[in-house]
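>>> Please find the sequence and the predicted model below.
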Amino acid sequence: MKYDLLSVTMNPSLDREVVVDNFKTDQLFRINNPSNSVMDPGGKGINVSLMLSTLGINSISTGFLGGFIGKVIQKGLSSVNEITTNFVYTRESTRENIEILDTLNNTITEINSMGPFITEEDYDHFLKRYRSTISLTENVLISGSIPPGVPINSYSKLLEIAKSENKRTFLEAIGPHFDQAIRENCADVVRVDLRKRTSRVLGSKLEKIEDFIETGKEILNYGAKLVIMSFHIVGDVVITNDGIWLFTVKEEIDNSHLLGTGDAFMAGIIYYLLKNELNYFEAAKYGMASAISSARYIGKILGNEDEVKNDLGKFEIKRLD
């Protein structure tokens, strides 16, 4: 059987999303509405697979799982017809992340765990599974953080294998493992995970729009065909070999609804390239519309195809070069 996508999430999580309006520290809050507390499988690659599944895109999800939390994630993913799992099981438990959404003050408070320690034996086992699975698809997504024990060059290695098999590659992350992957085996589509405003990419601190442009062009020079970097929360700098653009949302977006919009952006790009001609600029537009659609919901939800198409007119495009 052929799959549309192989999504790699080396550091999955069980995500608990809780709506607490007027959230403050050192106080007691009770959740009286069950819809205000959601628990689901998480991690950037898993999020993309889940979003794409609602559009009928099937994928293989791989990485590491362990302990009771790992079993909960496995059970959750196994209930989705469009997702096939192929995880390596570890001795230590998978991490748990908590997101507190305050819809009145438009804030998200995130508490993220580090993740389990991955032994050399488990990592070697994962590489063997990855090599044997990659032949089942033409598209590979590698995203998110890496857990302790996984080598810094792991993403570079995974991309090297995928590129040697002539696969279309997608990368979304940040940190030393991301920088090394860009320099050594850059993916076709790169989305920089810029949730932290003080983030550095390839040694550069991104502050002014010029910093984003220069760093994006540098990633392009390493071999990327499309680069996306979030700019001031509701904007994105988009760079291809044909030009540089700034996408800016026209309407105000509730910050508490931004959880998962980056993954929705990537899901939209992948969906467009699977269903349409190879046009990276148009794919970026579809990704932006997907992110806007996702921002209407609390949690990691992607709007249907009609919603996404309608949202293609909800953002402005300004050429920067």
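Okay, I see it. Numbers count the residues shown, from 1 in each chain.
>>> in stretch 147-167, what's buried?
147, 149-150, 154-159, 161-163, 167 (16 or more other Cβ atoms under 10 Å). No exception for glycine: its C-beta is placed from N, CA and C like everyone else's.
>>> I meant stretch 269-281, not that one.
Per 16+ other Cβ under 10 Å, stretch 269-281 contains these buried residues: 269, 270, 271, 272, 273, 274, 280.
>>> Dump the buried residues of stretch 147-167 to JSON lines, plus pLDDT.
Putting these into JSON lines (pLDDT from 0 to 100) gives the following:
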{"residue": "147", "pLDDT": "97"}
{"residue": "149", "pLDDT": "97"}
{"residue": "150", "pLDDT": "98"}
{"residue": "154", "pLDDT": "98"}
{"residue": "155", "pLDDT": "98"}
{"residue": "156", "pLDDT": "98"}
{"residue": "157", "pLDDT": "98"}
{"residue": "158", "pLDDT": "98"}
{"residue": "159", "pLDDT": "98"}
{"residue": "161", "pLDDT": "98"}
{"residue": "162", "pLDDT": "98"}
{"residue": "163", "pLDDT": "98"}
{"residue": "167", "pLDDT": "98"}
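>>> Out of the buried residues of stretch 269-281, which is nearest to residue 43?
Lowest distance from residue 43 to the buried residues of stretch 269-281 (Cβ to Cβ) belongs to residue 270, with 16.1 Å.
>>> Which residues does the host helix or strand of the closest one contact?
Secondary structure assignment for residue 270, by DSSP states H and E: helix 261-275. The contact list for helix 261-275, computed with Cβ atoms under 8 Å, 6 or more residues apart in numbering, reads 4-5, 44, 47-48, 51-52, 55, 57, 139, 141, 143, 168, 170, 172, 189, 191, 193, 195, 226, 228, 230, 236, 280, 282-284, 286-295, 300, 302, 308.
>>> Name the next helix or strand downstream of the helix or strand bottoming out on mean pLDDT in the chain, please.
Lowest on mean pLDDT, DSSP states H and E among the helices and strands of the chain sits strand 107-111, with a mean of 85. Elements were assigned by DSSP H and E; along the chain past strand 107-111, the next helix or strand is helix 120-133.
>>> if we can go back for a sec, please state the mean pLDDT value computed over the helix holding residue 270.
Taken as a whole, helix 261-275 has an average pLDDT of 95.
>>> Likewise for stretch 115-124?
Rounded mean pLDDT across stretch 115-124 is 97.
>>> Endpoints of it, how far apart?
End-to-end distance for stretch 115-124: 18 Å, by Cα to Cα, to the nearest Å.
>>> which parts of it are buried?
Of the residues in stretch 115-124, 115, 116, 118, 122, 123 count as buried by neighbour count, 16+ other Cβ under 10 Å.
>>> Just the residues contacting that stretch, thanks.
Residues contacting stretch 115-124 (Cβ under 8 Å, 6+ apart): 10-11, 13, 64, 66-67, 88, 90-95, 145, 147-151, 154.
>>> just the helices in the stretch 151-300 of the chain please.
Ranges of helices in the stretch 151-300 of the chain, per DSSP state H, counting those that start in this stretch, are 154-164, 176-185, 209-221, 261-275, 280-294.
>>> just the stretch 1-150 of the chain next, same as before
Using DSSP H, counting those that start in this stretch, helices in the stretch 1-150 of the chain cover 44-53, 67-78, 120-133.
>>> which of the ones you listed is buried the deepest?
Mean neighbour count (mean count of other Cβ atoms under 10 Å) peaks for helix 44-53 among these, with a mean of 27.
>>> now it: how far from the chain's centre is it?
With Cα atoms, centre = their mean, to the nearest Å as the basis, helix 44-53 stands 8 Å off its chain's centre.
>>> That one vs helix 280-294, what angle?
Helix 44-53 runs at 90 degrees relative to helix 280-294, counting by axes from the mean of the first three to the mean of the last three Cα atoms, to 10 degrees.
>>> who are the neighbours of helix 44-53, in terms of helices and strands?
strand 5-9, strand 59-66, helix 67-78, strand 83-85, strand 139-143, helix 261-275 (3 or more Cβ pairs under 8 Å, 6 or more residues apart in numbering; DSSP states H and E).
>>> The shortest one - what's its average pLDDT?
The reference is to strand 83-85. pLDDT averaged over strand 83-85 gives 97.
>>> list the buried ones in that strand?
83, 84, 85.
>>> what about the helices and strands packed on helix 44-53, which gets the closest to residue 247?
Relative to residue 247, the nearest member of the helices and strands packed on helix 44-53 by Cβ to Cβ is helix 261-275, separated by 9.8 Å.
>>> Tell me where the model's unsure across the stretch 151-300 of the chain.
195-198, 253-259, 298-299 (pLDDT under 70).
>>> Can I get the helices of the stretch 151-300 of the chain in TSV including distance to residue 130?
Output for the helices of the stretch 151-300 of the chain, formatted as TSV (distance: least, Cβ to Cβ, whole Å):
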stretch	distance to residue 130
helix 154-164	6
helix 176-185	14
helix 209-221	24
helix 261-275	18
helix 280-294	25
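>>> Residue 37: which of these is closest?
Once the helices of the stretch 151-300 of the chain are compared by Cβ to Cβ, helix 280-294 is nearest, at 19.5 Å.
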